[in-house]
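Undergrad: Next come a sequence and a model predicted from it.
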Amino acid sequence: MIRLVTRKRLALLEADTHAATERARQANEAASEAVGRHERELAAATDRAERAEATTNEVGALLAHAVKEVSGAEQRALLHQIEARRLREELDQAQKPERSMFLLLHYGTPRMIYRSLQDAYADTATHGIPADHTWGPATPFWFDAEWVLATFTYDAAKSGFRGSLTPAAVSLGGAA
């Protein structure tokens, strides 16, 4: 079969070819723009994911540190509760009728509190007075004495401690 191509037909084919080429070029540009847009979106998403991962790691480290601090604080709080319970028991013991506590004073300044007179005498050696030292009468003004033991006895009727002075340490040959 033979086909005759006329100028008109050839012009139409050329116009169709140009139109198809133009559509292909526009489609190619649109595809290039879409690829570029997708690449930018992918880069932005990757950047956000990397920042989120870094933030997650940082928050995890902060959380681990906070958990460690809270654990330490809980341990300290438990130790404080134990100490408070012990002190409360000591106070309850001290508030028994006729229970005494002894306060060691150095020129009127409190130095230490003792539960028994024996503990007081034993510990005075750490402050420069031998444990077997003879204690003489208290001076008229307790703040003038180098070392004085003040006795505090719990008085249930008054719901408090009643104080009195025990003899002061007597210097022997300049030693105290």
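TA: Received it, and whenever you're ready, just let me know what you need.
Undergrad: For the protein, just list every one of the helices.
TA: With DSSP state H as the criterion, the chain has helices at 7-94, 117-123.
Undergrad: Pick out the shakiest of those helices, pLDDT-wise.
TA: Set side by side, the helices of the chain give their lowest mean pLDDT on helix 117-123, at a mean of 77.
Undergrad: from the chain's centre, how far out does that one sit?
TA: Relative to its parent chain, helix 117-123 has a centroid offset of 39 Å by CA atoms, centre = their mean, to the nearest Å.
Undergrad: by contact count, what packs against that helix?
TA: Contacts defined by 3 or more CB pairs under 8 Å, 6 or more residues apart in numbering; DSSP states H and E place helix 117-123 against strand 100-106, strand 109-114, strand 147-155. C-betas here are computed from N, CA, C, even on glycine.
Undergrad: go with 7 Å
TA: Where contact means 3 or more CB pairs under 7 Å, 6 or more residues apart in numbering; DSSP states H and E, helix 117-123 is packed against strand 100-106, strand 109-114.
Undergrad: Which among the helices of the chain is found nearest to residue 102?
TA: Comparison of the helices of the chain against residue 102 by CB to CB identifies helix 117-123 as nearest, at 4.3 Å.
Undergrad: can you list contacts of that closest one?
TA: If you take CB atoms under 7 Å, 6 or more residues apart in numbering as the criterion, helix 117-123 is touched by 102, 104, 112, 114, 131, 149.
Undergrad: Kindly provide the distance from the first one to residue 91.
TA: In this structure, residue 102 lies at 16 Å from residue 91, with CB to CB, to the nearest Å as the measure.
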